[in-house]
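# Quick one: sequence plus predicted model below, questions after.
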Amino acid sequence: MESTETIRLRILEAVPGALLEVVPNGAPVGQPSLLVDPEHALAVARFLRDAPGLQFDYCSNVTGVDWLDREEEEIVRDRVAETGGEKKIEEPRKRVRPGYLEVVYHLYSMALRHGPLVLRLRTGNRTDRVRLPSLTPIWRSCEFQEREVYDLFGVVFEGHPDLRRILMWEGFQDYPMRKDYVEPDDYEYEPTPHDDVWEKARRHYPAPTVGSGGETSGNPGS
């Protein structure tokens with residue numbers, strides 16, 4: 001298979017205006033991935049599927065990643081006036097890098113027996129800019145997996161043929177795979193709580209009370 005950088009250069013020739021970045025991988029496998037801007041994602045995907053020598057005709061896996069807001073420190077260099085001239089100063093400042101959601105596609109060529117090529121798409125943020133184009137029109141195997149990312153992370157895939165929850169029920173609130181997800185404090189469904197579930201249920205239920213006949217109520221498992 002051609003290198004990720006070579007593939008990037010081929011895409012730039014075939015898809016004018018596409019924004020592409022090779023993302024390094026610090027893990028032992030060391031395989032870089034290709035970050036694609038959402039506006040050109042469909043055109044890039046179509047090229048990767050159809051281009052001679054590439055023919056990535058199969059998407060084996062679609063996963064989601066949640067990147068929270070991150071505080072970063074940067075050195076700001078400036079000049080201030082003083083008697084007799086100017087003085088250079090360096091001042092550390094902290095800024096918050098907004099978080100985003102990321103969708104990762106693993107592509108293979110069954111025809112040419114090579115891969116994977118790892119493709120990444122990122123949302124604008126984690127709140128009101130969470131739309132990305134669906135790649136299901138290019139690789140049908142993305143259909144259920146994009147639904148899973150939608151269900152668990154909240155990425156809205158525009159152009160998906162059947163975008164609805166696949167694991168959680170309709171009406172379920174929030175997205176369980178987000179890093180700041182807080183599970184509901186609701187354990188009425190658990191008739192015999194135990195271990196860590198018992199501890200959560202104990203905090204959920206009111207303190208036990210003793211009735212006139214000596215019976216107790218309000219205690220989980222009683």
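In hand now; what should we look at?
# C-alpha only now, for contacts and for neighbours.
Will do.
# tell me the domain ranges of the protein?
4-67+100-173, 185-222 (automatic domain parsing).
# All the helices of this structure, in order from the start?
4-14, 41-50, 142-153, 195-204 (DSSP state H).
# mind checking which of these is nearest Arg165?
Nearest of those to Arg165, taken as Cα to Cα: helix 142-153 at 5.0 Å.
# so how far is Pro92 from the spatially most central residue of the chain?
Geometric centre of the chain, nearest residue: Val65, 2.6 Å, by Cα atoms, centre = their mean. Look at Val65 and Pro92: by Cα to Cα, to the nearest Å, they are 30 Å apart.
# Could you pull out the strands in the protein for me?
20-23, 33-36, 58-67, 70-82, 85-97, 100-109, 114-122, 131-133, 156-158, 209-210, 216-217 (DSSP state E).
# How about Leu121: what's its closest non-neighbour residue?
With sequence-adjacent residues excluded and distances taken as Cα to Cα, 6 or more residues apart in numbering, Leu121 is closest to Val103, at 5.3 Å.
# for Tyr100, same thing?
Nearest-residue entry for Tyr100: Asn125, 4.2 Å, with adjacent residues in sequence omitted and distances by Cα to Cα, 6+ apart.
# Show the pLDDT at that neighbour.
With respect to pLDDT, Asn125 scores 95.
# Which residues outside stretch 55-62 are in contact with it?
For stretch 55-62, contacts defined as Cα atoms under 8 Å, 6 or more residues apart in numbering pick out 48-50, 103-112, 115, 139, 141-142, 145-146, 149.
# 7 Å instead?
Under the contact criterion Cα atoms under 7 Å, 6 or more residues apart in numbering, stretch 55-62 has outside partners 48-49, 103-110, 139, 141-142, 145-146.
# State the mean pLDDT of that stretch.
98.
# And the contacts of stretch 55-62, which of them are buried?
48-49, 103-109, 139, 141-142, 145-146 (16 or more other Cα atoms under 10 Å).
# what's the closest of those residues to Asn25?
The closest of these, once distances to Asn25 are taken by Cα to Cα, is Val104, at 13.4 Å.
# which residues touch that closest one?
Residues in contact with Val104 (Cα under 7 Å, 6+ apart) are Val62, Thr63, Gly64, Val118, Leu119, Arg120, Leu121.
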